[in-house]
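A.B. asks: A structural model of the following input is requested.
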Amino acid sequence: MFCFSNFYANIEVYFSRKTIFVSLMQFKFTYKMKKIITLLVMITLFSSCEENVKFNNPAVQGRLDNATWRAIDFQAFVDLNGALTINAYTSNQVLTLKTPSKNIGVYVLGENTARSATFTATYSGQDVIFTTGSGIGGDGQILIDEYDAVNNTVSGEFRFNAVNIENNPLGGELLNMQEGIFYKVPVFPAQ
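C.D. replies: Have a look, this model is predicted:
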């Protein structure tokens, strides 16, 4: 004879095992989804960061015609009149920034030679010189936001468009430097 009580007991065991199996699968799915969501959030956070330059070491760098440019050596000088000159070097390039003072402030470029930016690149022994200044053209600004007289360092930002003053065909007509930063550049007295 067929016993309904055993039948229902078997069904209950079957469904309770299936429930446990389904619950276990849901747990695994939820655990995997949490990991995937966490990973996606992390990727989104890191990929959406701007390309802001942040560092703690002395440096001079910027975006030269939309490419990253970074000096390998740099120094600044203050002359007897208080004018500041910052020089930054790569293996074949020299960047020179000049302001009439070491004081904190914004110095507009292109109006005179006391406030200027000059970029010299050497290609096959020939110099290509780009500069800003009165009667030359070009524009931009130098912002000095910190002059540390105790540690003799200067920090700030710069940007400029400089003109190829000799119309050298090795260089373009204009040179563009954006997002420029000089940070804790050592300052020496002029010699």
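
A.B. asks: which residues touch Tyr147?
C.D. replies: By Cβ atoms under 8 Å, 6 or more residues apart in numbering, the contact list for Tyr147 reads Lys102, Asn103, Ile104, Thr153, Val154, Ser155, Val187. For every residue, glycine as well, the C-beta is placed using N, CA and C.

A.B. asks: Quickly note the distance from it to Ile36.
C.D. replies: According to Cβ to Cβ, to the nearest Å, Tyr147 stands 51 Å off from Ile36.

A.B. asks: Next: Ala83.
C.D. replies: Ala83 is 59 Å from Ile36, by Cβ to Cβ.

A.B. asks: for the chain, longest strand please?
C.D. replies: The longest strand of the chain (DSSP state E) is strand 174-189.

A.B. asks: list the helices and strands that one packs on?
C.D. replies: strand 59-64, strand 73-78, strand 84-89, strand 116-123, strand 139-148, strand 153-164 (3 or more Cβ pairs under 8 Å, 6 or more residues apart in numbering; DSSP states H and E).

A.B. asks: okay, these in TSV with distance to Gly172 next?
C.D. replies: Formatted as TSV, the helices and strands packed on strand 174-189 follow (distance: least, Cβ to Cβ, whole Å):
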stretch	distance to Gly172
strand 59-64	12
strand 73-78	25
strand 84-89	20
strand 116-123	11
strand 139-148	16
strand 153-164	7
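
A.B. asks: Looking at those strands, spot the one closest to Leu95.
C.D. replies: Among those, strand 84-89 comes nearest to Leu95, with 4.3 Å by Cβ to Cβ.

A.B. asks: helices or strands next to that closest one in the packing?
C.D. replies: Short answer (3+ Cβ pairs under 8 Å, 6+ apart): strand 84-89 packs on strand 73-78, strand 93-99, strand 174-189.
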